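Visitor: Give me the fold of what follows.
(one chain, ligands or ions: 1)
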Amino acid sequence: MLNILYIDSTVPPDLNQKVDRAQWAKLKQARFTCACCGYQSAPSESVLSGFMQVVNKEVLCAICASALQLQRPVRNLANHGFIIMASDLSQSEVTSLSREIGFAILSGDSARRERAETVFEQLLESEITHSDFQFLTEEEPQTCAEMAVGLTVISSLNRNEYAKYFKDLRYVPNFVAFSHIYEYWSKTSS
Ligand SMILES: [Zn+2]
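Guide: Okay, the predicted model is just below:
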């Protein structure tokens with residue numbers, strides 16, 4: 001299970017970072033397939049990583065990786081996503097749904113786009129509220145930037161406490177921040 005609390009400060013601050021030999025070997029070995037959601041990407045000359053990356057020795061897609069690295073900017077945006085409360089959905093399901101919504105919005109089919117936007121809005125109706133996580137931060141901790149700030153002040157929580165407070169939280173990527181990745185993925189997977 002993805003633990004969105006894990007903050008890995010060693011990861012470069014962008015999604016299409018340079019791929020070194022070891023990472024390339026790992027990406028190839030995993031066939032550019034995300035260990036969390038199962039999405040398979042492909043490398044290209046301009047995007048060697050295929051917008052996949054190695055985190056904690058696992059290959060993850062850009063969305064699942066961002067769920068683990070809330071403090072990392074995406075396209076220089078700190079607010080690159082939302083935190084929702086969704087006990088009935090896994091991060092893998094939320095990631096796959098978000099990606100399908102992204103593809104539908106880019107599809108150029110207006111009916112499909114409209115339906116996708118409605119689903120996206122419904123997803124965001126489960127955004128966590130200030131009262132849910134008031135102990136984290138003075139800010140409304142609804143975006144991942146605010147959540148990341150909040151997390152830095154509660155590093156004293158132990159594993160069980162983390163599990164209790166955060167087990168139902170999922171990361172939903174911001175469409176604008178990820179649109180270039182959706183475009184790449186929809187091109188390379190067809
Ligand atoms: Zn994934």
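
Visitor: Is residue 160 within a helix or a strand, and which one?
Guide: helix 159-166 (DSSP states H and E).

Visitor: Let me see the confidence value for the nearest residue to residue 78 once chain neighbours are set aside.
Guide: The shortest distance from residue 78 to any non-neighbouring residue, by Cβ to Cβ, 6 or more residues apart in numbering, is to residue 145 (3.9 Å). From N, CA and C alone the C-beta is placed, and that goes for glycine too. On pLDDT, residue 145 comes in at 82.

Visitor: Around the ion, pick out the residues from this structure.
Guide: Proximity of the chain to the ion, by Cβ under 5 Å from the ion, involves residues 34, 36-37, 61, 64, 95.

Visitor: These in helices, which ones?
Guide: Applying DSSP state H to the residues of the chain next to the ion, the entries found in helices are 64, 95.

Visitor: Just the buried ones out of the residues of the chain next to the ion, please.
Guide: Listed as buried from the residues of the chain next to the ion are 34, 36-37, 61, 64, 95; burial here means 16 or more other Cβ atoms under 10 Å.

Visitor: From those residues, pick the one nearest residue 163.
Guide: Checking these against residue 163 by Cβ to Cβ gives residue 36 as the nearest, at 17.6 Å.

Visitor: mind listing the helices for this protein?
Guide: 21-29, 62-68, 91-106, 110-124, 144-152, 159-166, 175-189.

Visitor: Can you give the distance of stretch 117-125 from its chain's centre?
Guide: 16 Å (Cα atoms, centre = their mean, to the nearest Å).
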